[in-house]
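K.L.:
Whatever this is, show me its structure:
(chains A and B, ligands or ions: 2)
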There are 2 protein chains.
Amino acid sequence: EELAAPAAADDPYAGDPPRHPALHVNSLKPFNAEPPGELLGEHFLTPPELFFKRNHLPVPHVDPDAYCLKVEGPGGRTLSLSLQDLQHRFPKHEVTATLQCAGNRRSEMSRVRPVKGLDWGIGAISTARWGGVWLRDVLADAGFAEEPESQRHVCFEGLDQDLTGTAYGASIPFYQAMSARADVLLAYEMNGAVLPRDHGFPLRVVVPGTVGARNVKWLGRIWVSTEESPSHWQRNDYKGFSPGVDWDTVDYTTAPAIQELPVTSAITDPPPGATVASSEVTVKGYAWSGGGRGVVRVDVSLDGGHTWQVAEMQGEQQPPGQAWAWKLWQLTAPVPPGTTELDIVCKAVDASYNVQPDTVGPIWNLRGVLSHAWHHVRVTVAEE
Amino acid sequence: EELAAPAAADDPYAGDPPRHPALHVNSLKPFNAEPPGELLGEHFLTPPELFFKRNHLPVPHVDPDAYCLKVEGPGGRTLSLSLQDLQHRFPKHEVTATLQCAGNRRSEMSRVRPVKGLDWGIGAISTARWGGVWLRDVLADAGFAEEPESQRHVCFEGLDQDLTGTAYGASIPFYQAMSARADVLLAYEMNGAVLPRDHGFPLRVVVPGTVGARNVKWLGRIWVSTEESPSHWQRNDYKGFSPGVDWDTVDYTTAPAIQELPVTSAITDPPPGATVASSEVTVKGYAWSGGGRGVVRVDVSLDGGHTWQVAEMQGEQQPPGQAWAWKLWQLTAPVPPGTTELDIVCKAVDASYNVQPDTVGPIWNLRGVLSHAWHHVRVTVAEE
Ligand SMILES: [Mo]
Ligand SMILES: [Mo]
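P.N.:
Ligands and ions are numbered 1, 2, ... in the order given. Got it, this is the predicted structure:
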């Protein structure tokens, strides 16, 4: 049922885990893959084997008994925590949170003009129930106190490395890491089971409401700094630019790192090009926004955006400002008589009443990130 | 230089203060008025006499010596605070914050289809430096402690009343009121001077990043409740709906109260219909977003949105997540040779990379609130 990646003795990816055959693979080495929309939209909690995989480097082999998390405290003191320490010295917490890759829906942007990046469809987003310990509890144990006005950053480094020994890294603001409302987790469980290797075994960061790239997997080291993580992925990637900026003019210091993500939604069913009944159509999809701003409404159009109906939303109720999980939604509506094709569109509204942009052209950017315009699916209506 | 409102002995508005003659008046009783765009865009801190006025009721006459703020504490204890108490028992703090009416730019929405509400142009937004005391200090004095998970609300009531004695009211989440990062102020100063009568003398709430309607003026009473404010303006107004919902189908219980506002921007200069030089044009405007999400970029187009240039932004540097003030911006660019007309457009991006929608039709709603699509100004190019 699962396929192993093709292997060669000197291949740094030879040790990658097997993956589910239903995944659409965007890159094999490093492994990047997404589930098909219809499968994605079937589960409020995405089964881990279908959860999108976004690896920057080979999956490290971590021996859980030898695993040790280094936490650099104030004044040079370093905390070394085994998996046992983490699981027994700190209370366990669970959070249902959606993770989304900054590049989700990039393929829609690259149709406007080519961009650099993996050609994600709508599936670089998934939801899980994460179990672990609050990052703030671990930081407090290391000697840090809450400082609402601090401008520092908490930096994370993974155990995944390239051939030169450079590890994956990222950071989040210190105030977010320490906030009792931000629910930042060091997770060792996913949907009630041990974290799979592709998702960061034995320990990953889960930063609810924040771009996937900051949810560092195979977590090895944490420190606090006046600067953001020096990582390439924090400083020179995962940033948004104007459509007027291209590779000859881009200056990565002029844009902030992507952290909280904007509101988005997509149609998971019917798939593009499907044939639907001439009586009525059921449209399904997901909607999500960053920063804990829950989705408050999804509008669906069957006529390319001229008229709109409100979809029904399903999903866990989460408190305002802590709505970390997506909403799945659906609408069943009559197909207008005499129609031969439908241009189905969805758009979501979040708790701050932010909305999605109508079109993708004006948010085009050279890296193809933040592609969150209205989602269109064109289908054929069956003859009666 | 200032005009008094026309008065009659039995007119509840007879006691309203004089106003600046440059204001565009949308309603005289209650008084609602905005500054012209060119004046608005000239000042990072809006002079109080030009600051938009949004009154729901007559301006109350408050004797500062007799003034008393009631704060209902836990367990039935009520704190009574004079202006002296407020100014001497609590430390003074200052915050630069932009306030925006939910109806700002409604006139653009009513051009799509009629809506109910005051016909605001782009001027129902202004910025001031507010001075006063933290609401959280006052609530702590009344006996409340921070509770990050609390689902309660802090309710405000004004001293402004209608003829039946019903006062203006609104509420904000308790966690926001108590947060050391949310900077909610009880303000008695505006731009370093005593709060003017039209802006809430002697005391108003300033909730940075949150719709103007919750920034209750002439504050009389504060209490904490498991429910939002019972006020009409909290429960049955200031909410957003789908463009498919109209007065025959609207159900106010289905939408959340507008609190944090979405990202917006507008061109303050040149004004619509102006004639600009054929050599180059300077475009000026403002950009702002709710929730402390600072504006990180403003894109300007001279060709209706086909090509975009990045504007230069001015304004106070405020910390991430606490960027409560707008950015003023400008762009000087050559006028494309042979052009006779320009369709100038602006759009802003905030710290969560939320953007403005392209067009206003798909965000149309029956109350005409949240009108935050791209802003267009069409001008004529002078013959050479
Ligand atoms: Mo990502
Ligand atoms: Mo307002």
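K.L.:
Quick check: closest non-adjacent residue to the one residue in the stretch 51-200 of chain A that gets nearest to ligand 2.
P.N.:
Ligand 2 sits closest to A:Arg181 of the stretch 51-200 of chain A, with a gap of 26.9 Å, by Cβ to the ion. Where C-beta positions appear, they are placed from N, C-alpha and C, glycine not excepted. The spatial neighbour of A:Arg181 that comes closest, neighbours along the chain excluded (Cβ to Cβ, 6 or more residues apart in numbering or on different chains), is B:Pro148 at 4.8 Å.
K.L.:
can you give me the strands in the stretch 251-384 of chain A?
P.N.:
For the stretch 251-384 of chain A, the strands defined by DSSP state E, counting those that start in this stretch cover A:264-269, A:275-276, A:280-288, A:295-301, A:309-310, A:312-314, A:327-334, A:341-350, A:375-381.
K.L.:
and A:Tyr379, what is it in contact with?
P.N.:
One thing to correct before we go on: residue A:379 is Val, not Tyr. With contact set as Cβ atoms under 8 Å, 6 or more residues apart in numbering or on different chains, A:Val379 has these partners: A:Pro270, A:Pro272, A:Gly273, A:Ala274, A:Thr275, A:Val276, A:Val281, A:Glu341, A:Leu342, A:Ile344.
K.L.:
Make TSV from the strands of the stretch 251-384 of chain A and add distance to B:Glu316 and mean pLDDT to it.
P.N.:
Output for the strands of the stretch 251-384 of chain A, formatted as TSV (distance: least, Cβ to Cβ, whole Å; pLDDT from 0 to 100):
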stretch	distance to B:Glu316	mean pLDDT
strand A:264-269	31	98
strand A:275-276	53	98
strand A:280-288	32	98
strand A:295-301	31	98
strand A:309-310	40	98
strand A:312-314	39	95
strand A:327-334	37	98
strand A:341-350	27	98
strand A:375-381	38	98
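K.L.:
Tabulate these in CSV, adding columns for distance to A:Ala33.
P.N.:
Shown next, in CSV, are the strands of the stretch 251-384 of chain A (distance: least, Cβ to Cβ, whole Å):
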stretch, distance to A:Ala33
strand A:264-269, 17
strand A:275-276, 28
strand A:280-288, 18
strand A:295-301, 26
strand A:309-310, 33
strand A:312-314, 26
strand A:327-334, 21
strand A:341-350, 24
strand A:375-381, 20
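K.L.:
CSV please, covering the ones you listed and showing distance to ligand 2.
P.N.:
CSV is the format used below for those (distance: least, Cβ to the ion, whole Å):
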stretch, distance to ligand 2
strand A:264-269, 28
strand A:275-276, 43
strand A:280-288, 27
strand A:295-301, 19
strand A:309-310, 25
strand A:312-314, 28
strand A:327-334, 28
strand A:341-350, 19
strand A:375-381, 32
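K.L.:
closest to B:Gly368 out of those?
P.N.:
Across the strands of the stretch 251-384 of chain A, B:Gly368 has its closest neighbour in strand A:341-350 (15.9 Å, Cβ to Cβ).
K.L.:
orientation of that closest one relative to strand A:375-381 in degrees?
P.N.:
150 degrees (axes from the mean of the first three to the mean of the last three Cα atoms, to 10 degrees).
K.L.:
Can you list the buried residues in strand A:341-350?
P.N.:
Judged by neighbour count (16 or more other Cβ atoms under 10 Å in any protein chain shown), strand A:341-350 contains these buried residues: A:Leu342, A:Ile344, A:Val345, A:Cys346, A:Lys347, A:Ala348, A:Val349, A:Asp350.
K.L.:
out of the residues you listed, who's near chain B?
P.N.:
Filtering these for proximity to chain B (criterion: Cβ under 8 Å from any Cβ of the partner chain) leaves A:Lys347, A:Val349.
K.L.:
Now flag whichever of the buried residues of strand A:341-350 is closest to A:Gly76.
P.N.:
For these, the closest approach to A:Gly76 (Cβ to Cβ) belongs to A:Asp350, at 42.4 Å.
K.L.:
Please, where are all the helices along chain A?
P.N.:
A:37-40, A:83-89, A:106-110, A:135-141, A:174-178, A:232-235 (DSSP state H).
K.L.:
returning to that earlier point: greatest separation within the buried residues of strand A:341-350: which pair is it?
P.N.:
Among the buried residues of strand A:341-350, A:Leu342 and A:Asp350 lie farthest apart (Cβ to Cβ), at 26.1 Å.
K.L.:
Not counting its own residues, what contacts stretch A:156-172?
P.N.:
Applying Cβ under 8 Å, 6+ apart, the external contacts of stretch A:156-172 come out as A:12, A:55-60, A:62, A:153-155, A:184, A:200, A:205, A:207, A:210, A:213-214, A:216-222, A:225, A:228-234, A:259.
K.L.:
and the stretch 1-150 of chain A, which residues reach ligand 1?
P.N.:
For the stretch 1-150 of chain A, the contact set with ligand 1 under Cβ under 5 Å from the ion comprises A:Cys101, A:Ala102.
K.L.:
what about A:Glu147, neighbour count?
P.N.:
Counted by other Cβ atoms under 10 Å in any protein chain shown, the residues lying close to A:Glu147 total 12.
K.L.:
that older thread, including distance to A:Leu302, could the buried residues of strand A:341-350 go into JSON lines?
P.N.:
Shown next, in JSON lines, are those (distance: Cβ to Cβ, whole Å):
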{"residue": "A:Leu342", "distance to A:Leu302": "5"}
{"residue": "A:Ile344", "distance to A:Leu302": "6"}
{"residue": "A:Val345", "distance to A:Leu302": "8"}
{"residue": "A:Cys346", "distance to A:Leu302": "11"}
{"residue": "A:Lys347", "distance to A:Leu302": "13"}
{"residue": "A:Ala348", "distance to A:Leu302": "17"}
{"residue": "A:Val349", "distance to A:Leu302": "19"}
{"residue": "A:Asp350", "distance to A:Leu302": "23"}
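K.L.:
returning to that earlier point: ranking the contacts of A:Val379 by neighbours, who comes first?
P.N.:
Taking other Cβ under 10 Å as the neighbour criterion, A:Ile344 ranks highest of the contacts of A:Val379 with 25 neighbours.
K.L.:
For it, give its distance to B:Trp364.
P.N.:
Using Cβ to Cβ, to the nearest Å, A:Ile344 is found at 20 Å from B:Trp364.
K.L.:
Can you name the residues of the stretch 151-300 of chain A that neighbour chain B?
P.N.:
A:151, A:173, A:175, A:179-181, A:240, A:242-245, A:255-256, A:258-263, A:290-291, A:293, A:296-297, A:299.
K.L.:
Restricted to buried residues, select these in ChimeraX.
P.N.:
Restricted to buried positions by 16+ other Cβ under 10 Å, the ChimeraX selection for these reads:
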select /A:173,175,179,240,242,243,245,255,256,258,259,260,261,262,263,290,291,293,296,297,299
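K.L.:
how near is A:Lys284 to A:Asp237?
P.N.:
Using Cβ to Cβ, A:Lys284 is found at 33 Å from A:Asp237.
K.L.:
Kindly report the same for A:Arg152.
P.N.:
22 Å.
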